[in-house]
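> Here's a sequence, model it:
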Amino acid sequence: MKIDKFITAAATAATLAAAPVTAQELKFANFTPPFHTVNESVIQKLDAELSAATDGELTVRGYHGGELGAGPVEQYVRAVQGAADITWGLPGYTSSQFKKTMIAELPGAIPDEKRGYEALWAAFDSDLSDEFPGTKTLALWTSEPNVMIMNDAEIRTPEDLEGLKVRVAGATAADVATALGATPVQMPITEVYNAMQTGLIDGVITGASTLSDFKLNEVATHITTGAPLGRLTFYAVMNQGVYDGLDAEKKAAVDEAIGVPLSKSAEDAWYAAAGKALDAARENPDIEVIDLSEDEAQAFADAVSEVVNTYVENVGGEDALAAMRE
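Residues are numbered from 1 along each chain as shown. Down below sits the predicted model:
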């Protein structure tokens, strides 16, 4: 699917057609249920801050569970086309559009002591902004470090993954899975529960927050932590025409609320959700949580050691990687 070309064309049309917007309620498309972490940390937070700054003249309403369009893959297109004023999603679902943004997902690309949103914003103006045509970028953040969530498979070494079908979110995670000997299967996270339950896939490389946000705790038997598997990236964007059509006061309110503060709120919430979900998994008698030792983790690190350099070189992302690590 040549979604990146379509987005570029649609973005041009949306910008040319931009007109003053008088609607006071911004529609935020959410492909997940209202209990998902994104609702409180991004959608409700943005609504509260914009409402307070404009005396209620500009608000945000979340449309949950795909109400404005089913499936997470088309989220960016929905913002560009105007099906929603604001959307959030994963660059990995349309990897060809976000080649440099997805460097942040690679194992070790971002130093352990640095938060993902800081790295993404450090590289945004110079290296990533061209990957977000037709929109105003509101937030960029990453998940907690990825873990392996498996159904009936105990993973302690890379060899344990040989021949297993593992769901990944995008191209970078697919490279990681392949380096570990697994067969990567790309599908939206909303389909993973059924795929694990029916045996279509053996497991998933993703953040632990999905155990609660997508109820993967109900289909998991083993969770392996400590392997260097990278993390996921996320965005929240507003239709550029909608942003341009806001009056000066409302635009100032948006500018104040977005960027690093909104991104930090999201990433903090992801980490908190992951911690609670892992704690609950450790108490679940039906789930074994495997915490790799340093030596065990090193075996995974050795297996994926060439993935970062190869990917970065292929997408011409050396400057972007340097900015993220700055």
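
> Break down the protein into its strands, ranges please.
Per DSSP state E, the chain carries strands over the ranges 25-29, 59-63, 86-89, 135-142, 146-150, 165-168, 183-186, 203-207, 222-225, 233-239, 288-291.

> List the contacts of the first one.
Applying C-beta atoms under 8 Å, 6 or more residues apart in numbering, the external contacts of strand 25-29 come out as 43, 46, 50, 58-63, 66-69, 75, 78-79, 83-88, 238, 242. For every residue, glycine as well, the C-beta is placed using N, CA and C.

> What's the ChimeraX line that selects buried ones from the residues you listed?
If you want just the buried ones from the contacts of strand 25-29 in ChimeraX, going by 16 or more other C-beta atoms under 10 Å, the selection is:
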select :43,46,50,58,60,62,63,66,68,69,75,78,79,83,84,85,86,87,88,238,242
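
> For Leu229, give me its contacts.
Pro107, Pro145, Asn146, Val147, Met148, Ala173, Val176, Ile205, Phe300, Val304.

> now, which of those sits nearest Gly230?
Pro107 (4.5 Å; C-beta to C-beta).

> Number of residues surrounding the closest residue in space to Phe35 that isn't next to it in sequence?
Distances taken as C-beta to C-beta, 6 or more residues apart in numbering place Asp213 nearest to Phe35, at 7.8 Å, with adjacent residues excluded. By other C-beta atoms under 10 Å, 20 other residues sit near Asp213.

> Can you measure across stretch 63-81, start residue to end residue?
Its first and final residues considered, stretch 63-81 spans 16 Å by C-alpha to C-alpha, to the nearest Å.

> residues contacting the residue lying closest to Thr137 once chain neighbours are set aside?
Once flanking residues are discounted, Thr137 sits nearest to Val237: 5.5 Å by C-beta to C-beta, 6+ apart. Contact analysis of Val237 by C-beta under 8 Å, 6+ apart lists Tyr76, Ala79, Ile86, Thr87, Trp88, Phe132, Thr135, Lys136, Thr137, Leu138.

> which residues does the second one contact?
When contacts are counted by C-beta under 8 Å, 6+ apart, Ala79 touches Ala29, Asp85, Ile86, Thr87, Gly134, Thr135, Val237, Met238, Asn239.

> Quick check: the fourth one touching Val73?
No - taking C-beta atoms under 8 Å as the contact criterion, Thr87 and Val73 are not neighbours in contact, 11.6 Å apart.

> In contact with the residue nearest to Ala123 when sequence neighbours are not counted, which residues are there?
Excluding its sequence neighbours, the residue lying closest to Ala123 (C-beta to C-beta, 6+ apart) is Ala323, at 3.7 Å. Residues near Ala323 by C-beta under 8 Å, 6+ apart: Ala119, Ala122, Ala123, Ser126, Asp127.

> Let's see that with 6 Å instead.
Ala323 makes contact with Ala122, Ala123, Ser126, Asp127, according to C-beta atoms under 6 Å, 6 or more residues apart in numbering.

> can those residues go into JSON lines with extra columns for distance to Asp268?
Formatted as JSON lines, the contacts of Ala323 follow (distance: C-beta to C-beta, whole Å):
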{"residue": "Ala122", "distance to Asp268": "18"}
{"residue": "Ala123", "distance to Asp268": "20"}
{"residue": "Ser126", "distance to Asp268": "25"}
{"residue": "Asp127", "distance to Asp268": "25"}
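
> one step back: check the gap between the residue nearest to Phe35 and Phe98 for me.
Distance of Asp213 to Phe98, computed by C-beta to C-beta, to the nearest Å: 21 Å.

> re the thing from before, how about the strands of the chain, which one is nearest Ala195?
strand 165-168 (6.6 Å).

> Okay, now the sheet partners of the closest one, with direction.
Within its sheet, strand 165-168 is paired with strand 183-186 (parallel), strand 203-207 (parallel), according to DSSP bridges.

> Kindly compare burial across the ones you listed and name the winner.
Most buried of the strands paired with strand 165-168, by mean neighbour count (mean count of other C-beta atoms under 10 Å): strand 203-207, with a mean of 27.

> and the gap between the residue most central in space within the chain and Pro34?
For the chain, the residue nearest the mean C-alpha position is Phe234 (3.0 Å; C-alpha atoms, centre = their mean). Distance, Phe234 to Pro34, using C-beta to C-beta: 17 Å.

> Over to Glu40?
From Glu40 to Pro34 the distance is 9 Å (C-beta to C-beta).

> Equivalent analysis for Ala79, please.
To Pro34, Ala79 is 20 Å away according to C-beta to C-beta.
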